[in-house]
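**Q** Okay, structure incoming, though there's no sequence with it:
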């Protein structure tokens, strides 16, 4: 941006020029040895992380399952080199995604989204992508166990049936079950054993929302939300783009309201998004206006917003305490103006807070418009009250038998009490795939296979169904939980037959089973939105209950990590090494705290601190997090596993701090325990070195006036006057006769979710290097998502008034609530590529189709190309990461290597690698078109990153095809939002970015006096 007072920075260390950052800023590779934990040496830590077994090769030799149906018309038998695709369903702990599974030689290697699903519409999250790696986890049990010893299935069945036959209360404990057929199995099991009862809970509970809807509308459900119909969106501690309820679906809907077009008669309107939260989330980072609040203030903010809207509409207000947060008056005004097209959502698990939110949405006419109670979703069905009652029963010795389909000893606040109570239960069985925290306490473990080895179904939304089919035969001696329950109930244990029968009789209504299995989904042709619901809740009573909520001292916000979630897939190295979208920390959770609070508490980044809440303490590293509410800290769920596996047993668990279903705690005590710790944090491993044209942004008010608002268009002074850098070159250029592959990335749509990163890792065999290597800036990801904070600082005015020292100090003030831009960055495939000119062996060259290509067996590892790359997107293999005991993650053994894509070379030590724009996919698409004697059709060739993006932020295609989506978009945006990063150095990338536009009224600039005032406050 040419005329701006903004300062862009990736982290506090860059902003303040910390000595550690300055030391490494000009170094391409950090060679310093970093030892984070004296008790665990780096080589030992890496050696124990891994997967390994050759048994999977036996399962992969045959066709996956004879009764499974490929998604595409491929040969029935497995043929080398020919992929088969199977439609299936990812359903874990209430999370859902309709997927396609790519298999090669009978082994699943890649997951993509199923576009036939009207719910997820082809979107996929990072966790869904990574789930294929969990299939090849060698730490899973290979057979059923009794205690610590293996047992035959026949013996286990005999002993379990005998135990169940003794009578007494039987409890089946599970997270949300989306499968209607599994529920039918449990119903049949209950018929056999009438004292059996299903207890459902969720680690990240929405029980308060369900209870509020029962009281407000007489329906104990989670409604369907449609963000695409909202012109004003308000999120209150609800990370709906990251983790709340259904983020893949919500991201898709939200992005529809953020798309713009600079072409003639193009779209010039977008939704306005307000977010109020404690810690910075990807939803808050993507909002137009963001306000901060303490967790204890959540209810007060909701009440204040309700009263402002009610007063504007002439309605009755309710009692509420005063609360201060940014933009609340403006938010209320915009909501009133958008009545009928407004949506307010809250992530609170307090039914009183949700009742007021319901009343607010009712005032705004959201029911029947942006909220549909008639077609509820099933993602969160857990009841906190039921789970509490079960634990009390177990502690009182009132449960005779318990069967676990989940891991409550780890992921429930009262897990420690339950662990002790299990020993009092005569019969305890777990269906866990490993001896996890709960299973290790049980008498029997009847291990269930991975979902990619299983038959199942799901009903994520009322009347919308999908099927799960196995894509590989059973790897180990495991058995589906449904088959075990059928066996113990004395029913035929063939779950496939049971599933097919249930669908034929109760779901398909005469439609084809084969077609449903082929498509993966079975949905109604049309889904009508229910008319508006009548609110009958007691809003005054809810307000009175909220008024009693008080915080004290330092408050702790407990949130779900985008990568690790609730901890189900904690043992997945792809997820552990995926940088958190906001903090960019890998391999552990941290204490996120604002700079002001850290100073007050005497802690700093690089310290470890002990946090104590209600007598329970944990110790974690400290992270200074811009955007964190003052007087609070945030810590992620999902870590602190003790029996997940060697990759997953990291960090600390905060589940014990959850009290009465509320995901926050107050009166926390913080005590520094040690210092000089280096986080495995990627945010400043590369830097733009002071350049200002990398991120370009503006506001909607300016964009409406000028579609080039925010654009930085550099000019070069010549003897002939000013010229564009592209008009001056020493290059002869590259002729592209047939194809010119390129990409457009819309910064308006990118939420930083990381789906593209894990998809690329799976597609291109990108290595996992471990915590210590990441700390040394040696991560191998081909695509990174740069997260830039920005803050207003009028450097020039302060410089003139106070001198150069004060001027530069003004730029070093870390904004308490900065704006954020996410920018995916990979090889730009420059037509004037600086890397190509310096390679002494021509290992990196330019193709006739616009690709910068690497010849791995020619590379001798000089790293000249990496030093010469202005985008810092090349990765050097310091080690041979496969078949190396020091990097025993997943490529060091027969089982782990089954996940590798045979179409992509596995790189070895001493070579440079980087984004190839999925050239293997391009070649496969071209060959298919050639066999059919035609040109490739736009959309049939896509890169892994563009295919996976749930918001369609990445558009890939042939820029020589005038009918391609990318050509049409460039035609609209070349004189609008489209720009090349570092355009002034004339490297001519094949990638274009679209300017970030925020729906704000105008550019806000801080006065010099304000900047100086803030500096004094932080000094």
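**A** Here it is on my side, so go on. Note that this is a predicted model, so its numbers are computed, not measured.

**Q** Start from the N-terminal end of the stretch 601-750 of the chain and give the helices.
**A** 700-705 (DSSP state H, counting those that start in this stretch).

**Q** low-confidence ranges in it?
**A** Residue ranges of the stretch 601-750 of the chain with pLDDT under 70: 684-692.

**Q** Over to the chain?
**A** Residues of the chain that meet the cut-off, pLDDT under 70, sit at 1-79, 526-531, 684-692, 792-814, 888, 890-891, 1002-1019.

**Q** Against the centre of it, work out the most remote residue.
**A** residue 719 (51.8 Å; Cα atoms, centre = their mean).

**Q** Backbone dihedrals for that one, please?
**A** Dihedral pair for residue 719: phi -60, psi -20, per degrees, to the nearest 10.

**Q** try residue 479
**A** Main-chain torsions, residue 479, degrees, to the nearest 10: phi -150, psi 140.

**Q** With the one 5 residues further on instead?
**A** Main-chain torsions, residue 484, degrees, to the nearest 10: phi -60, psi -40.

**Q** hang on, isn't it packed against residue 444?
**A** No - Residue 484 lies out of contact with residue 444 (Cβ atoms under 8 Å); the separation is 10.1 Å. For every residue, glycine as well, the C-beta is placed using N, CA and C.

**Q** More neighbours: which of the two?
**A** Neighbours per residue, other Cβ atoms under 10 Å: of residue 484 and residue 444, the larger number sits with residue 484, 25 against 20.

**Q** OK, contacts around that one?
**A** 157, 431, 446, 448, 493 (Cβ atoms under 8 Å, 6 or more residues apart in numbering).

**Q** Please apply the same query to residue 614.
**A** 657, 659, 665.

**Q** for residue 540, helix, strand, or coil?
**A** Under DSSP: H, G, I helix; E, B strand; the rest coil, the three-state class of residue 540 is helix.

**Q** Leaving out the residues flanking it, which one is nearest to it?
**A** Counting by Cβ to Cβ, 6 or more residues apart in numbering, residue 318 is the residue found nearest to residue 540 once chain neighbours are left out, at 5.7 Å.

**Q** What separation do you get for that neighbour and residue 350?
**A** Distance, residue 318 to residue 350, by Cβ to Cβ, to the nearest Å: 15 Å.

**Q** And the two? Which one has more around it.
**A** Higher neighbour count among residue 318 and residue 350: residue 350, with 25 against 19, using other Cβ under 10 Å.

**Q** Now do that one against residue 384, distance only.
**A** Distance from residue 350 to residue 384, by Cβ to Cβ: 11 Å.

**Q** intersection of neighbour lists for those two?
**A** With Cβ under 8 Å, 6+ apart, residue 350 and residue 384 have common neighbours 208, 661.

**Q** tell me which element the closest residue to residue 321 other than its chain neighbours is part of?
**A** Excluding its sequence neighbours, the residue lying closest to residue 321 (Cβ to Cβ, 6+ apart) is residue 300, at 5.3 Å. Using DSSP states H and E, residue 300 sits in helix 298-312.

**Q** Give me the phi and psi angles of the residue positioned nearest the centre of the chain.
**A** The structure's the chain has its C-alpha centroid closest to residue 562; by Cα atoms, centre = their mean the separation is 3.8 Å. When read as degrees, to the nearest 10, the backbone of residue 562 gives phi -60, psi -40.

**Q** Relative to residue 281, how far out is it?
**A** From residue 562 to residue 281 the distance is 8 Å (Cβ to Cβ).

**Q** got it, and residue 337?
**A** Distance, residue 337 to residue 281, by Cβ to Cβ: 26 Å.

**Q** Compare the two (neighbour count), which wins?
**A** Remark: of residue 337 and residue 281, residue 281 carries more neighbours, 30 against 13, as counted by other Cβ under 10 Å.

**Q** Wait, the more buried one touches residue 582, no?
**A** Yes - under the criterion of Cβ under 8 Å, residue 281 makes contact with residue 582 at 6.8 Å.

**Q** Tell me what residue 592 is bridged to.
**A** residue 623, residue 634 (DSSP bridges).

**Q** So it sits against residue 633, correct?
**A** Yes - between residue 592 and residue 633 there is a contact at 6.2 Å, judged by Cβ under 8 Å.

**Q** out of the contacts of residue 614, which are buried?
**A** The neighbour count (16 or more other Cβ atoms under 10 Å) marks 657, 665 as buried among the contacts of residue 614.

**Q** Please produce TSV containing the contacts of residue 614, extended by distance to residue 463.
**A** Formatted as TSV, these follow (distance: Cβ to Cβ, whole Å):
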residue	distance to residue 463
657	38
659	37
665	40
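
**Q** quick revisit: number of residues surrounding the residue nearest to residue 321?
**A** Around residue 300 there are 22 residues (other Cβ under 10 Å).

**Q** That one and residue 142, how far apart?
**A** Residue 300 sits 54 Å away from residue 142, going by Cβ to Cβ.

**Q** cool, and residue 234?
**A** The spacing between residue 234 and residue 142, counted by Cβ to Cβ, is 50 Å.

**Q** now residue 918
**A** From residue 918 across to residue 142, the span is 35 Å (Cβ to Cβ).

**Q** and residue 302, what is it in contact with?
**A** Shown in contact with residue 302 (Cβ under 8 Å, 6+ apart): 236, 346, 348, 353, 356, 357, 360, 546.

**Q** and what of residue 189?
**A** When contacts are counted by Cβ under 8 Å, 6+ apart, residue 189 is found next to 172, 196, 485, 486, 488, 489.

**Q** do residue 481 as well
**A** 182, 405, 431, 446, 448.

**Q** farthest pair in those residues?
**A** 182 and 446 (15.0 Å; Cβ to Cβ).

**Q** Tell me which of these two has more neighbours.
**A** For the pair residue 182 and residue 446, the greater number of neighbours falls to residue 446 (28 against 23), based on other Cβ under 10 Å.

**Q** pretty sure the more buried one is touching residue 479, no?
**A** Yes - if you go by Cβ under 8 Å, residue 446 and residue 479 touch, sitting 6.6 Å apart.

**Q** Dump the contacts of residue 302 to a markdown table, plus distance to residue 538, neighbour count and secondary structure.
**A** Shown next, in a markdown table, are those (distance: Cβ to Cβ, whole Å; neighbours: other Cβ atoms under 10 Å; DSSP: H, G, I helix; E, B strand; the rest coil):
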| residue | distance to residue 538 | neighbour count | secondary structure |
| --- | --- | --- | --- |
| 236 | 20 | 22 | strand |
| 346 | 18 | 26 | strand |
| 348 | 17 | 27 | coil |
| 353 | 14 | 29 | helix |
| 356 | 10 | 29 | helix |
| 357 | 14 | 25 | helix |
| 360 | 15 | 26 | helix |
| 546 | 12 | 24 | helix |
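
**Q** Tabulate those in CSV, adding columns for distance to residue 133.
**A** Listed next are those as CSV, based on distance: Cβ to Cβ, whole Å:
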residue, distance to residue 133
236, 35
346, 34
348, 34
353, 38
356, 43
357, 38
360, 42
546, 43
